[in-house]
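Participant: after the sequence you'll find the predicted model.
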Amino acid sequence: SQQGEEDPQALSIQEGENATMNCSYKTSINNLQWYRQNSGRGLVHLILIRSNEREKHSGRLRVTLDTSKKSSSLLITASRAADTASYFCATLTTSGTYKYIFGTGTRLKVLA
Amino acid sequence: GAGVSQSPSNKVTEKGKDVELRCDPISGHTALYWYRQSLGQGLEFLIYFQGNSAPDKSGLPSDRFSAERTGGSVSTLTIQRTQQEDSAVYLCASSSSSLAHGYTFGSGTRLTVV
């Protein structure tokens, strides 16, 4: 079953613009991560945010977490063509076994 | 090794045949996970191994699917009597027990059942 739902499903922007993707989830979490996937193969870990954190930055990435709304957002600033990929959120719930449940993903296309 | 290694990269098999997919995790990572991703979809959890504990098999879609992890390292995912709906990319990931840095994924095996 899917724990997370990303929004929008697809996003197309011009190079240099900012891209914002949202993730909503259903149950209480321990932490939430964002991953990038190029060409439908292996995923690359981008950033992890814990349930007691509200915002984290890594380079051009900014992640926010609102546990009261059960949602997170990923902002990519000054986007580049190389940022074209699918982006997934993954949640580690506070109950059940120790595994991440992935959302459905946002397909980002950055036009040069 | 430096990363998670999966083999083969691509596998085409005839319907009804058995296939084995291999995953070699990062040395020292105690946890190993298998996920499946159908075309354009999200990741579907299949099975999880943690150290010597009993695996979490809750995501295996049918009894045609099985997996083992030998010596706490290499894992093999076996699909018996393959069906066309089994066509997908099978992704393996490993992590430390603390999950402090998330998963490290392999490049996946693209399975096509014809």
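Facilitator: Nice, I can see it.

Participant: quick one: the strands in chain A?
Facilitator: With strands called from DSSP state E, chain A shows them at A:4-7, A:10-14, A:19-25, A:29-37, A:43-50, A:55-58, A:61-66, A:71-76, A:85-93, A:100-102, A:106-111.

Participant: what would these look like in JSON lines with mean neighbour count?
Facilitator: Quick note: C-beta positions are derived from backbone N, CA and C, even for glycine. Converted to JSON lines, those look like this (neighbours: other C-beta atoms under 10 Å in any protein chain shown):
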{"stretch": "strand A:4-7", "mean neighbour count": "20"}
{"stretch": "strand A:10-14", "mean neighbour count": "13"}
{"stretch": "strand A:19-25", "mean neighbour count": "21"}
{"stretch": "strand A:29-37", "mean neighbour count": "22"}
{"stretch": "strand A:43-50", "mean neighbour count": "19"}
{"stretch": "strand A:55-58", "mean neighbour count": "12"}
{"stretch": "strand A:61-66", "mean neighbour count": "18"}
{"stretch": "strand A:71-76", "mean neighbour count": "20"}
{"stretch": "strand A:85-93", "mean neighbour count": "24"}
{"stretch": "strand A:100-102", "mean neighbour count": "25"}
{"stretch": "strand A:106-111", "mean neighbour count": "18"}
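
Participant: stretch B:39-55 and chain A in contact?
Facilitator: Yes. Judged by C-beta under 8 Å from any C-beta of the partner chain, stretch B:39-55 comes into contact with chain A at B:39, B:41-43, B:45, B:48, B:50.

Participant: quick one: low-confidence parts of chain A?
Facilitator: In the predicted model, chain A carries pLDDT under 70 at residues A:1-4, A:40, A:96-97.

Participant: quick check: residues of it near chain B?
Facilitator: Contacts of chain A with chain B, taken as C-beta under 8 Å from any C-beta, map to A:2, A:31, A:33, A:35, A:40-45, A:48, A:88, A:90, A:92, A:97-105.
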